[in-house]
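J.: This is the structure alone, sequence omitted:
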């Protein structure tokens, strides 16, 4: 058995290619000038340095002689590109073999990688999502066959989360639309009765596919469409058969969309949260503390969007002492909570505290490789430099104490 897997070998070569290119251009040239000589765009060169793209072998053979480094290092750089693509081909061959042998084992491997992100340290989370994406994209086409339809639904869930974590919203929308099409086809065909899925599990897939679409729509700025989709979900028989289970989660999604819709008021949001809170308490499952945290965070974000930072602060401050002890609360949820807390501090005008929290969120997002969250935090950091405390206060303040 080799020390490193093919996926790890590919990641190692990509890191070396990116770092060597960045160092060469920093010391001896510019990205723009190098891109012009190589016949590529500066954006493409920048994406190689950031680890988002890799040059093809033909392109690398054109680029290597142009690098402002020694011929020996040029050859070594090209060798790392070749090693990367060799490792990727090995991953694909391994994936094809595994799918032929046992599709269930492959989906279970992807699911295990996803579950590891809940408890892994931040740098371990980044590794897990990178490996999930590489492995998932390699096996996806082989799983997309009728005999693996039920497993494909699980596969779509994992890939949706991986794409979302890395800020790839278009890919996330694509995979979740595929899941919806597959679920609709399964419901009309005999294959559902012959699969390992019972009715409840299949209903969960259907509702989650619609909820995941809401998340993507909100991420793309289509908040009204996301808000309207919530009503479609509530009318779906799959939701109605287990409404108590879904209410808290759907409220969380809906609040995220509502904060950009001025026609929705604070009283309506408060009523929704209380109802969902009581419903989640009745379930009494292991995920209840995390569900409460998500509701509190979404409600606080909504309060800030309506210039009610006092209520947002009262809601979030209950969770600051216990944030690191909530089950299943991984780096993403912690970063999202810290962002909500930072927005509350900024609305209050506590800019020194805001800077500390933003730095903490940035550090955690960098460690976990949460590219989308880093981009959002950077935008919020720029806005925070321009905005002071809001002066509007159109509704009476209250406190939503969730305990």
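T.: Thanks, I have it. Remember, predicted model here, so these are calculated numbers, not experimental data.

J.: alpha carbons only for contacts and neighbour counts from here, please
T.: Will do.

J.: Quickly note the distance from residue 75 to residue 29.
T.: 19 Å (C-alpha to C-alpha, to the nearest Å).

J.: after the helix ranked longest in the chain, next one along is what?
T.: If you go by DSSP state H, the chain has its longest helix at helix 71-101. Using DSSP states H and E, the next helix or strand after helix 71-101 towards the C-terminus is helix 103-116.

J.: Quick one: list the elements packing against that next one.
T.: Counting contacts by 3 or more C-alpha pairs under 8 Å, 6 or more residues apart in numbering; DSSP states H and E, helix 103-116 packs against helix 71-101, helix 122-143, helix 149-165.

J.: Below-threshold pLDDT in this structure: ranges please.
T.: Along the chain, segments meeting pLDDT under 70 span 1-2, 28, 95-101, 118-123, 190-197, 264, 282-285, 384-403.

J.: Spatially nearest residue to the residue located most distally from the centre of it, not counting backbone neighbours?
T.: Distance from the C-alpha centroid of the chain, by C-alpha atoms, centre = their mean, peaks at residue 71 (40.9 Å). Closest residue to residue 71 apart from its sequence neighbours, by C-alpha to C-alpha, 6 or more residues apart in numbering: residue 65 at 7.5 Å.

J.: swap in residue 249?
T.: residue 291 (7.2 Å).

J.: neighbours around the one you found, how many?
T.: 20 (other C-alpha atoms under 10 Å).

J.: In what element of secondary structure is it found?
T.: Using DSSP H and E, residue 291 sits within helix 288-305.

J.: counting contacts, what elements does that helix pack onto?
T.: Other helices and strands packing on helix 288-305, by 3+ C-alpha pairs under 8 Å, 6+ apart, are helix 243-258, helix 266-283, helix 309-316, helix 331-348.

J.: Distance to residue 151 and mean neighbour count for those - can I get that in JSON lines?
T.: Converted to JSON lines, those look like this (distance: least, C-alpha to C-alpha, whole Å; neighbours: other C-alpha atoms under 10 Å):
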{"stretch": "helix 243-258", "distance to residue 151": "22", "mean neighbour count": "22"}
{"stretch": "helix 266-283", "distance to residue 151": "27", "mean neighbour count": "16"}
{"stretch": "helix 309-316", "distance to residue 151": "38", "mean neighbour count": "22"}
{"stretch": "helix 331-348", "distance to residue 151": "26", "mean neighbour count": "23"}
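
J.: so which of those helices comes closest to residue 323?
T.: Taking C-alpha to C-alpha, helix 331-348 is the member of those nearest to residue 323, at 7.3 Å.

J.: and the helix or strand that comes right after that closest one, which residues are buried?
T.: Note on helix 331-348: by DSSP H and E, the next helix or strand toward the C-terminus is helix 351-368. For helix 351-368, the neighbour count (16 or more other C-alpha atoms under 10 Å) marks 351, 354-355, 357-358, 360-362, 364-368 as buried.

J.: Now those residues in CSV, please, with extra columns for distance to residue 217.
T.: Formatted as CSV, those follow (distance: C-alpha to C-alpha, whole Å):
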residue, distance to residue 217
351, 31
354, 28
355, 29
357, 27
358, 25
360, 28
361, 24
362, 24
364, 25
365, 22
366, 25
367, 27
368, 24
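
J.: Of these, just say which sits nearest to residue 6.
T.: So of these, ranked by how close each gets to residue 6 (C-alpha to C-alpha), first place is residue 368, at 21.6 Å.
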